[in-house]
Every structure is written in structure tokens, then in C-alpha cells.
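1. With the input below, show me the fold.
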Amino acid sequence: MRPTFEFVSSAITPGDKLVIFAFEDDYSFGILQSTAHWLWFTTKCSKQLERFIYNPTVAFDTFPWPQQPTREQIKAVAEAAVALRALRRETMRKLNYSLRDLYRTLEQPGDNPLRDAHTSLDAAVHAAYGMPADADPLAFLLKLNLACAAKEKGGEKITPPGLQLPVNEQQKFVTDDCIEPPKLRA
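-> Residues are numbered from 1 along each chain as shown. Sure thing, here's the model as predicted:
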């Protein structure tokens, strides 16, 4: 089962099993929800029984982010991420599914709008990386990881995680669709 990410209101206090990424932008969400990140995660993480354990030090800190995405590529990733979340919300509402129930549908053969949304997101993410269509994603990411490590060691700057745009442009990539705490009845 692939890890699924969601925006959560700051009014919710997370438990100790929840991994928190302090990003509010759709671009970062798209990179983290992509198959590229999932493949990196499942290769680098540990397992407990049959479950993957997300270790931020091993999986997140070593995951190389796109180094020179254009504004159009950033926008494409963000738009695909917003479309994915909208599809998830609408499908869960219509079918009374949990996020887990929804992602289990990916195990079934045949057409699946969720699979299509992930394919669109992955295409946008691959473009942001400049990843050739025929590239092995893990080999590409490892090569990028090693190149970034060499640059850092040499004192050069690399593009860190997150949305790397001027602050005055970042709000264009932030939507307010997040899980909110339940409303208390009076």
C-alpha cells in the first residue's frame, strides 16, 4: 500500500505514528505523493512485518527534489496535486469510502480515475525533474542524489525540499483543502 498524504489543519494535534511534513503548498504535496517519492521511500525505508515504516532521516532527508523546475513545471505539479485531492475527496464522499478504501481500489484491474490522476501527477513530476520517459526512476533519483551530495560537499547550493519561489509568489500554490477537526455540537 502506497503512503498517502493529506493536508491537516493546524488545529489537529497529530499522534506519534503520523509523519508530518511542514509544507502548505500544492507543489510539495505533489512531489511527496508522486510515484518517484513512493519508489524512493519503499527502497530506503524499513519494514515492520509487512508494513513500510517512513523514517524521515532515511527516506525524506535523502530524497532529491527537482533541482531546476520551471514555473510552468511547478504549476503543472501543483495543479495535478490539487486535481488528485479533489478527485479523492469527491470519490470518498460519493462512495462513503475512507482514504484507505479508496487506495485499495488501485489493487483492482481495469480503468480507475484515481490511477489516472496519479499518472497525470507522475507525468508532471517527471517533467519537473527533467526525467526522460524511458528512465528508471530509482536510478535517475540515485544519480541526482549523488550529484546533489557532491555539490553540497563542494560548497555549492542545491535546491532543498519545498517550493522554491519568492515568498510573494508562493500563495498562488497554496489551497485551503485540508482535514479539519470535527465540529463540536452545542
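
2. pretty sure Met92 is touching Thr105, no?
-> No - applying CB atoms under 8 Å as the test, Met92 and Thr105 come out as separate, 10.9 Å apart. Heads up, the C-betas are built off the backbone N, CA and C, glycines and all.

3. Near the nearest residue to Glu152 once chain neighbours are set aside, how many other residues are there?
-> Once flanking residues are discounted, Glu152 sits nearest to Ile158: 5.8 Å by CB to CB, 6 or more residues apart in numbering. Counted with other CB atoms under 10 Å, residues neighbouring Ile158 total 14.

4. now Ile158, what's its secondary structure?
-> Following DSSP: H, G, I helix; E, B strand; the rest coil, we place Ile158 in the coil state.

5. Contact partners for it?
-> Ile158 sits next to 67, 148, 151-152 when contact means CB atoms under 8 Å, 6 or more residues apart in numbering.

6. Need the distance between the two termini of stretch 160-170.
-> 15 Å (CA to CA, to the nearest Å).

7. ok, of the contacts of Ile158, which come out buried?
-> Buried by 16 or more other CB atoms under 10 Å: 67, 148, out of the contacts of Ile158.

8. and which of the contacts of Ile158 is nearest Val167?
-> Set against Val167, the nearest of the contacts of Ile158 by CB to CB is Gln67 (20.4 Å).

9. No further queries at this time; thank you.
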